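J.: Mind folding the following:
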Amino acid sequence: MALRLNRLVANGDEVPDRLVEYVQHQWQRPSVRAWIEQGIAVAGSLRM
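T.: Numbers count the residues shown, from 1 in each chain. Here you go, the predicted model:
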């Protein structure tokens with residue numbers, strides 16, 4: 001859910017403040033940060 005809500009927030013869609021805070025909090029979780037970093041590493045290795 002946080003991923004989909006983050007897309008709305010990142011694209012400037014109108015989202016209630018409570019949900020923006022939820023997304024920001026979830027995005028800082030170690031497991032989510034690790035998942036993001038893994039995706040960045042994979043994307044970087046595909047650029048050859």
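
J.: CA atoms for contacts and neighbours, from now on please.
T.: Will do.

J.: Can you give the distance from the longest helix along the chain to the centre of its chain?
T.: Identified as the longest helix of the chain according to DSSP state H is helix 30-46. Centroid separation for helix 30-46 versus its chain: 11 Å, with CA atoms, centre = their mean, to the nearest Å.

J.: With stretch 32-48 instead?
T.: 13 Å.

J.: Mind listing residues that contact that stretch?
T.: 26, 27 (CA atoms under 8 Å, 6 or more residues apart in numbering).

J.: mean confidence for the longest helix of the chain?
T.: Average pLDDT, helix 30-46: 86.

J.: likewise stretch 9-24?
T.: 95.

J.: mind listing what's buried in that stretch?
T.: Within stretch 9-24, the residues that qualify as buried by neighbour count (16 or more other CA atoms under 10 Å) are 9, 20, 23.

J.: quick one: the second one and residue 9 touch, right?
T.: The one in question is residue 20. Yes. In this structure residue 20 lies within contact range of residue 9 using CA atoms under 8 Å: 6.8 Å.
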